[in-house]
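> need a 3D model of the following:
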Amino acid sequence: MKNRRFRQIRWGALALLVGGVWGFCYCPGAGEWYARHCYPSISYGLSRLASVVPFSLEEVLVIGGGAAALVAMMAARSQGVRWRKLAAVVLESVLWLYVWFYWAWGMNYFRAGLLERVGVEHAVYDETRFRAFLADYTSRLNAAYLPEQPLDLPVLQELLQTAFGQVEAVYGLCRPYPFQHPKRSCCNALYSGVGVLGYMGPFFAESHVNHDLLVRQYPFTYAHELSHLLGVSSEAEANYWAYRICISSTDAYVRFCGYYGLLGYVLTNAQGALPQEDFVAWWQTVRPEVRRAYREHRLYWRQKYSPLLGHVQDKLYTLYLKGNKISSGQKNYAQVIDLLLSLPAL
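Numbers count the residues shown, from 1 in each chain. Here you go, the predicted model:
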């Protein structure tokens with residue numbers, strides 16, 4: 001009788017939490033309220049808990065939990081437990097993970113976009129304006145160039161966290177804390193094989209940065225993942241903050257890394273917007289050292305990439321993004337240029 005009562009309470013609580021996720025998804029303003037009033041405390045508590053260990057609790061949960069569940073199911077089946085009962089246990093476990101994901105971080109997908117939060121309309125594409133942006137960006141990139149330099153990672157992380165701390169209240173981001181360091185991954189080769197440079201762990205508010213990153217990629221990637229930890233769900237907005245935070249740094253090499261980190265997205269937009277001859281002519285205006293560094297960087301990651309695994313990951317991640325109100329899927333990364341054209345003064 002007690003077990004039945006407990007099961008009813010458990011399923012009732014689960015139904016309320018799942019219903020809350022759907023309510024926040026379809027209620028205008030609810031996601032923004034969560035991001036500003038609930039998520040800061042939730043992320044603080046989870047990341048503080050996760051900070052006591054050097055490894056990724058996210059991976060322990062997903063890999064260790066998945067393996068333990070599989071073993072438990074096999075053992076239960078060998079003991080004659082009926083498939084129907086096993087299916088109910090699996091369904092409940094998946095729903096609790098679903099609830100944990102959204103209430104711990106995923107509700108940020110339902111918040112207002114950056115343009116809406118600052119009351120700015122999306123800029124309609126104008127070729128003259130885009131070409132002006134391209135010329136200005138290229139000039140700044142060329143002037144900022146510095147040869148590769150070693151990074152003091154603790155100093156860099158403190159520098160970028162301090163910069164985020166100066167904009168968090170104005171733009172609806174959380175406050176960063178010194179204990180929120182990127183976690184080491186035990187699956188790094190897999191991430192390199194599918195082209196993942198970093199990711200945000202939603203279950204324990206942990207950021208992860210690929211250990212294979214080139215030095216000039218680290219500041220931009222770290223700032224991108226930190227922005228996700230601070231409540232940014234859009235990949236375009238995460239790139240926007242990574243760029244703005246890095247190029248405003250007091251460290252000259254970090255500033256170059258900010259301009260360099262945007263280069264791939266500028267290339268994507270320029271190739272799509274300009275006639276081929278104009279695109280080639282523009283690319284020749286980029287400093288030779290930068291073009292060489294970009295070619296080397298592309299070759300470096302191509303050698304680590306697995307086409308089969310990468311294709312599967314691309315399809316799954318695109319479905320994931322589209323299922324969370326990012327209709328452009330992975331094209332959202334390159335839409336950072338739209339934000340920069342709409343918000344030139346920020």
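> now the helices for the stretch 101-250 of the chain?
114-118, 127-144, 153-165, 168-171, 188-193, 218-229, 235-247 (DSSP state H, counting those that start in this stretch).
> now for those, which one comes closest to Ala88?
Smallest distance to Ala88 across the helices of the stretch 101-250 of the chain (C-beta to C-beta): 31.7 Å, for helix 188-193. Placement of C-beta: from N, CA and C, glycine included.
> now the closest one - C-alpha only, CSV.
Written as CSV, here are the backbone C-alpha positions of helix 188-193 (Å, rounded to 0.1, in the frame of the first residue of the first chain):
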residue,chain,number,x,y,z
ASN,A,188,37.6,14.0,-25.8
ALA,A,189,38.7,12.0,-28.9
LEU,A,190,35.0,11.4,-29.6
TYR,A,191,34.3,15.2,-29.5
SER,A,192,37.2,15.9,-31.8
GLY,A,193,36.0,13.2,-34.2
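> what strand or helix carries His297?
helix 288-304 (DSSP states H and E).
> can you put the helices of the stretch 101-250 of the chain in CSV and add distance to Asp212, mean pLDDT and mean neighbour count?
As requested, the helices of the stretch 101-250 of the chain are exported to CSV (distance: least, C-beta to C-beta, whole Å; pLDDT from 0 to 100; neighbours: other C-beta atoms under 10 Å):
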stretch, distance to Asp212, mean pLDDT, mean neighbour count
helix 114-118, 30, 88, 16
helix 127-144, 24, 94, 15
helix 153-165, 15, 93, 17
helix 168-171, 30, 76, 13
helix 188-193, 5, 89, 16
helix 218-229, 11, 96, 26
helix 235-247, 18, 95, 24
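> TSV for those, including distance to Tyr260?
Listed next are those as TSV, based on distance: least, C-beta to C-beta, whole Å:
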stretch	distance to Tyr260
helix 114-118	22
helix 127-144	7
helix 153-165	15
helix 168-171	24
helix 188-193	19
helix 218-229	7
helix 235-247	9
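> the closest residue to Ala123 other than its chain neighbours - how many residues pack around it?
Nearest in space to Ala123, with sequence neighbours left out and distances taken as C-beta to C-beta, 6 or more residues apart in numbering, is Ser342 at 4.2 Å. Using other C-beta atoms under 10 Å, Ser342 has 17 neighbouring residues.
> any idea how far Glu235 is from Ser342?
Separation of Ser342 from Glu235 (C-beta to C-beta, to the nearest Å) stands at 16 Å.
> try His311
19 Å.
> could you do Thr318 as well?
11 Å.
> next one: Gly119
22 Å.
> what's the pLDDT at the residue nearest to Ala123?
For Ser342, the pLDDT comes out at 89.
> which among the helices of the stretch 101-250 of the chain is found nearest to Arg10?
helix 218-229 (30.2 Å).
> following element in sequence after the longest helix seen in the chain, please.
Longest helix in the chain, counting residues (DSSP state H): helix 2-26. Where DSSP H and E defines the elements, the next helix or strand beyond helix 2-26 is helix 30-33.
> name the helices or strands packed onto that following helix?
In terms of contacts (3 or more C-beta pairs under 8 Å, 6 or more residues apart in numbering; DSSP states H and E), helix 30-33 is packed against helix 2-26.
> identify the residues contacting the helix it packs on?
Outside helix 2-26, the residues within contact range by C-beta atoms under 8 Å, 6 or more residues apart in numbering are 30-31, 34, 92, 95-96, 98-99, 102-103, 106-107, 110, 325.
> buried subset of the residues you listed, written for PyMOL?
Selection of buried members from these for PyMOL, criterion 16 or more other C-beta atoms under 10 Å:
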select buried, resi 30+31+34+99+102+103+106+107+110
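> how about the contacts of helix 2-26 in JSON lines, adding pLDDT and distance to Trp283?
As requested, the contacts of helix 2-26 are exported to JSON lines (pLDDT from 0 to 100; distance: C-beta to C-beta, whole Å):
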{"residue": "Ala30", "pLDDT": "93", "distance to Trp283": "45"}
{"residue": "Gly31", "pLDDT": "93", "distance to Trp283": "40"}
{"residue": "Tyr34", "pLDDT": "96", "distance to Trp283": "43"}
{"residue": "Glu92", "pLDDT": "85", "distance to Trp283": "54"}
{"residue": "Leu95", "pLDDT": "92", "distance to Trp283": "50"}
{"residue": "Trp96", "pLDDT": "93", "distance to Trp283": "50"}
{"residue": "Tyr98", "pLDDT": "94", "distance to Trp283": "45"}
{"residue": "Val99", "pLDDT": "95", "distance to Trp283": "48"}
{"residue": "Tyr102", "pLDDT": "96", "distance to Trp283": "42"}
{"residue": "Trp103", "pLDDT": "96", "distance to Trp283": "46"}
{"residue": "Gly106", "pLDDT": "95", "distance to Trp283": "39"}
{"residue": "Met107", "pLDDT": "95", "distance to Trp283": "41"}
{"residue": "Phe110", "pLDDT": "94", "distance to Trp283": "39"}
{"residue": "Lys325", "pLDDT": "67", "distance to Trp283": "34"}
